[in-house]
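S.K.: mind looking at a prediction? Sequence and model below.
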Amino acid sequence: MVDWIGLLAARIMNRKRFPRWLEEIFPFAAYLQAKWNIDHEIDNVMKGISVSKQIEDAWKCYCMLDVGELLSCLSSEYERSDGIIEKTFKFGAGLATALTISSVAIALVGEKLSGMGWKIAFVAAIGPAFCYIAAGGILGLSAIRAQRRFGWGPEALAERKNKSDQDLVKLVARDLALQQRLGIINVMRNEAAFMSLRNGFLLAILAILFALAGLAIGS
């Protein structure tokens, strides 16, 4: 029996990127698709299966640097990644908490609406707002998980040992190319968290307008 759902999911995940307007509406889904693609690219390199064009181009370019320059760039990439992760966590956790409290207050106002039409319009706005806020909060909190690092730790040091200068440059250049590719996931997570919370905030405002309009007309 053909797994049509699995085939459809794989086809969606293998798309290079969502259209921009879909990313704006469904940032959480766009992030997951991009993360899946990049993780797949990195795993293929580590297993020796294939090298994507993006990683290959960066790898070749970095091979023109010496080991000291590559290690310096790799260290800078670690710091940049840590900064983005910290920013995403603080932004997502803080804003999601504030918007959740606001949404609860808005929901209490919505209970006072008398007309069924206004209540339906209110729920149609506040329901997705909760979903977007939750998605943004989850993305922000997920940033605190331990992240993969290439060229880091005793295993990386052991791998570099007894390498010729040329092989060492290729190895560190590969680690830098993979680390930068991995850094794109952190950037996209930060963007997706912001867009999810933004969409939730806009829908919450829309719910407030419906509630105020309904109360004004009802009175």
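M.R.: That came through, no problem. Please read all numbers here as calculations on a predicted model, not as lab measurements. Numbers count the residues shown, from 1 in each chain.

S.K.: residue 123 versus the residue most central in space within the chain, what's the distance?
M.R.: Computing the C-alpha centroid of the chain and ranking residues by Cα atoms, centre = their mean puts residue 189 first, at 1.9 Å. Distance, residue 189 to residue 123, using Cβ to Cβ, to the nearest Å: 30 Å. All C-beta atoms are positioned from the backbone trio N, CA, C, and that covers glycine.

S.K.: just to revisit the earlier point, what is the rounded mean pLDDT of the helix or strand where the residue nearest to the centre of the chain lies?
M.R.: Per DSSP states H and E, residue 189 falls inside helix 165-218. Mean pLDDT, helix 165-218: 85.

S.K.: from the contact counts, what lies against that helix?
M.R.: With contacts defined as 3 or more Cβ pairs under 8 Å, 6 or more residues apart in numbering; DSSP states H and E, helix 165-218 has these neighbours: helix 20-25, helix 27-46, helix 53-62, helix 67-110, helix 116-142, helix 154-160.

S.K.: in contact with the residue nearest to the centre of the chain, which residues?
M.R.: 31, 35, 88, 139, 142, 143 (Cβ atoms under 8 Å, 6 or more residues apart in numbering).

S.K.: with only the CA atoms kept, save stretch 63-81 in CSV.
M.R.: Provided in CSV are the C-alpha atoms of stretch 63-81 (Å, rounded to 0.1, in the frame of the first residue of the first chain):
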residue,chain,number,x,y,z
CYS,A,63,39.7,26.4,1.5
MET,A,64,41.5,29.5,0.2
LEU,A,65,42.0,30.6,3.9
ASP,A,66,44.6,29.4,6.3
VAL,A,67,43.8,27.3,9.4
GLY,A,68,44.2,30.3,11.8
GLU,A,69,41.7,32.4,9.8
LEU,A,70,39.3,29.5,9.6
LEU,A,71,39.4,28.8,13.3
SER,A,72,38.8,32.5,14.0
CYS,A,73,35.8,32.6,11.7
LEU,A,74,34.5,29.4,13.3
SER,A,75,34.8,31.0,16.7
SER,A,76,32.9,34.1,15.5
GLU,A,77,30.2,31.8,14.1
TYR,A,78,29.7,30.2,17.5
GLU,A,79,29.3,33.6,19.1
ARG,A,80,26.9,34.8,16.5
SER,A,81,24.8,31.6,16.8
